[in-house]
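# any chance you can model this:
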Amino acid sequence: MKKSLLILSLALGLSACNIDDRLQLAYETKKSEHVHLSAQNTGLLIIDAQKGYVMDSDDFWVKVFYPELEIPAQNVDPQLHSSIDRIAQLAQKANDLNMPTAITYEAFETDTGLDYTPYITRIEQVLDENTQSYFKQTFNSTLEADIHAAMQAWSDAGISRVVVAGAETDVCVMQTVLGLKKMGFDVYLASDATFSTEIYERPTFKRLQQAGVKLAKASEIMESMDSKDKLIYSPRYAVGKRDELYQGDRHKMAMINFNMDDSSLSKAEHDNKPATEPRFTFLGLEQEFLFSYMPSFHVNKKGKPYTSKYRKNANVVSYKNIDPVINDIKASGKTQAVISGVVSQLGLYDAVYKLIAADITPIILEDALLGSDVDPIHYLDYIYQLGAVPSTQKSHGYEMYVEIQLGDFTEEEVAAYYEMISLNEAVIPEVYPRLR
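So this is what the prediction gives:
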């Protein structure tokens, strides 16, 4: 009965706010299209298919730089090597069709040159001799001048479509795909030809679909490379489509933490609650040290204090509802609000609707969000259809860092980062326990 009343209340709220036209069911989203991904109109871009990102490899970067950290066995994707095989198959198909192909590799600049892990052998073996190879230090490849120029040259030559595969799904792949969308490309992500240390890929795929990216299995894409064929999209989610392309910017952000009091945390609902703890730990550390300059708010309807279990921004402002938070965010000139904590379905709906009405983009950290009535994963698609952006603590964090080696940080931010790391209070996101 309670669940029925909740659904009825949500439906009435949508109707009353006159925004029910924003809700789009999965079967209403585009299922397929007839398309020929030819060498004349399509290029293949492979992102960072390097040995250093293969979790069960001795070259995995965490094993090299943090040998003392234990990698949970369940964190390794059972489909990892199948995904790698599919990347290689796409590269081979592109070669057979003389399709323009580019591949990136992430590297560190040292006093003696570049330090990087080689391409995965299975993939390197099928790369054509004309494959363009690009070094990068930004997570979003299109921010690199030479890669951006190469993609622009593709566009100038009539390449309007880009097929993307590689690693990591929720970091460099996602950010590069969004960068390509910003450049005006029609992007096709081979959804089963990407891999990451984060197996929980739904927030990334939802965000990309929401941005207008076309997700399809590698086999479907290869069939459409052979001839004009019906390309079936998969996966598809009921998240609608945002009117504007969202890209995270730490200089535009505010942090909203819901009901981070001891009582709410202890009663909160989640399918794998213990896995959220390291994420809240790291998020608290970042708010206290690295991003302390961001406006930070604690929304607690009963006025209870922020828990002592997790760190927080020293300047956090507490309110009992979302309205004064929105006023403060507007006054500070911020346009993005990162949401975490414990919140009910209707509470989150109310906050998201009001933020969007105020021209503030809500970003939902799915793995740092607990429900006060039910695990939020069961209702988040309603929230995304309103225009909120799906994300995770890891994906969001890498988007704020922009470059490897803290390349875009100020001296003060670099100092704060190393002060935070020296506390040894949290492991890195790559070895967090699997969320779901």
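# Asp48 contacts Tyr105, doesn't it?
Yes: Asp48 lies in contact with Tyr105 (Cβ atoms under 8 Å); the separation is 6.2 Å. Backbone N, C-alpha and C define where each C-beta goes, glycine included.
# for Asp323, see how far away Gly113 is.
Counting by Cβ to Cβ, to the nearest Å, the gap from Gly113 to Asp323 is 55 Å.
# look at these two and report which has more neighbours.
Legend: neighbour count by other Cβ atoms under 10 Å for Gly113 and Asp323, higher for Asp323 (14 against 9).
# re earlier: give me the more crowded residue out of Asp48 and Tyr105.
Asp48 (25 against 19).
# residue contacts, that one?
Residues near Asp48 by Cβ atoms under 8 Å, 6 or more residues apart in numbering: 104-106, 136, 166-168, 172.
# just want the phi and psi numbers for the spatially closest residue to Ser395 that is not a sequence neighbour.
Nearest residue to Ser395 in three dimensions, chain neighbours excluded: Asp170, at 4.3 Å (Cβ to Cβ, 6 or more residues apart in numbering). The phi/psi pair for Asp170 (degrees, to the nearest 10) reads phi -90, psi 0.
# helix or strand for Pro362, which one?
strand 361-371 (DSSP states H and E).
# tabulate the contacts of Asp48 (CSV), appending distance to Val299, pLDDT and secondary structure.
CSV is the format used below for the contacts of Asp48 (distance: Cβ to Cβ, whole Å; pLDDT from 0 to 100; DSSP: H, G, I helix; E, B strand; the rest coil):
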residue, distance to Val299, pLDDT, secondary structure
Thr104, 40, 97, strand
Tyr105, 43, 95, strand
Glu106, 38, 93, strand
Lys136, 39, 95, strand
Gly166, 38, 98, strand
Ala167, 36, 98, strand
Glu168, 32, 97, coil
Cys172, 33, 98, helix
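# out of the residues you listed, who's the most crowded?
Using other Cβ under 10 Å as the neighbour test, those are led by Gly166, with 29 neighbours.
# and the strand holding Pro362, what does it pack against?
Applying 3 or more Cβ pairs under 8 Å, 6 or more residues apart in numbering; DSSP states H and E, we find strand 361-371 packed against helix 202-210, helix 277-285, strand 336-343, helix 345-357, helix 380-385, strand 389-391, helix 393-401.
# at 7 Å what do you get?
When contacts are defined as 3 or more Cβ pairs under 7 Å, 6 or more residues apart in numbering; DSSP states H and E, strand 361-371 sits against helix 277-285, strand 336-343, helix 345-357, helix 380-385, strand 389-391, helix 393-401.
# compare those and give me the one nearest Gln89.
When those are compared by Cβ to Cβ, helix 393-401 sits nearest Gln89, at 26.4 Å.
# what is that closest one packed up against?
Helix 393-401 is packed against helix 277-285, strand 361-371, with contacts defined by 3+ Cβ pairs under 7 Å, 6+ apart.
# helices of the stretch 201-350 of the chain, start to end?
With helices called from DSSP state H, counting those that start in this stretch, the stretch 201-350 of the chain shows them at 202-210, 218-226, 262-267, 277-285, 322-332, 345-357.
# ok, which of those comes nearest Glu411?
Among the helices of the stretch 201-350 of the chain, helix 277-285 sits nearest to Glu411 (Cβ to Cβ), with 19.6 Å.
# what's the average pLDDT for that closest one?
Averaged over helix 277-285, pLDDT sits at 96.
# give me the low-pLDDT residue ranges for the protein?
Along the chain, the model assigns pLDDT under 70 to residues 1-28.
# break it into its domains for me.
With domains defined by automatic domain parsing, the chain comprises 32-232, 250-431.
# out of the ones you listed, nearest to Ala238?
Proximity to Ala238, assessed across these by Cβ to Cβ, is greatest for domain 250-431 (4.8 Å).
# distance between the ends of that closest one?
24 Å (Cα to Cα, to the nearest Å).
# how about stretch 293-302?
End-to-end for stretch 293-302, by Cα to Cα: 26 Å.
# give me the distance between the residue nearest to Ser395 and Gln79.
15 Å.
# more neighbours: those two, which one.
Asp170 (27 against 13).
# touching, that one and Thr197? I think so.
No: in this structure Asp170 lies outside contact range of Thr197 using Cβ atoms under 7 Å: 8.7 Å.
# neighbours of Pro433, how many?
Pro433: 15 neighbours (other Cβ under 10 Å).
# also Lys230?
Lys230, neighbours per other Cβ under 10 Å, totals 12.
# repeat that for Tyr134.
15.
# so what pairs up with it in the strands?
Thr104 (DSSP bridges).
# wait, it touches Thr104, no?
Yes: contact criterion Cβ under 7 Å: Tyr134 and Thr104 qualify, at 4.9 Å.
# what do those two both touch?
Common neighbours of Tyr134 and Thr104, counting by Cβ atoms under 7 Å, 6 or more residues apart in numbering, are Ile147.
# quick check: angle from the longest helix anywhere in the chain to helix 218-226?
In the chain, taking DSSP state H as the definition, the longest helix is helix 80-96. Put simply, helix 80-96 runs at 0 degrees to helix 218-226, going by axes from the mean of the first three to the mean of the last three Cα atoms, to 10 degrees.
# can you name every helix or strand that helix 80-96 contacts?
Looks like helix 80-96 contacts strand 42-47, helix 121-124, strand 161-167, strand 186-195, helix 218-226 (3+ Cβ pairs under 7 Å, 6+ apart).
# among those, which comes closest to Lys30?
Closest approach to Lys30 among the helices and strands packed on helix 80-96 is made by strand 186-195 (12.8 Å; Cβ to Cβ).
# alright, I will stop here.
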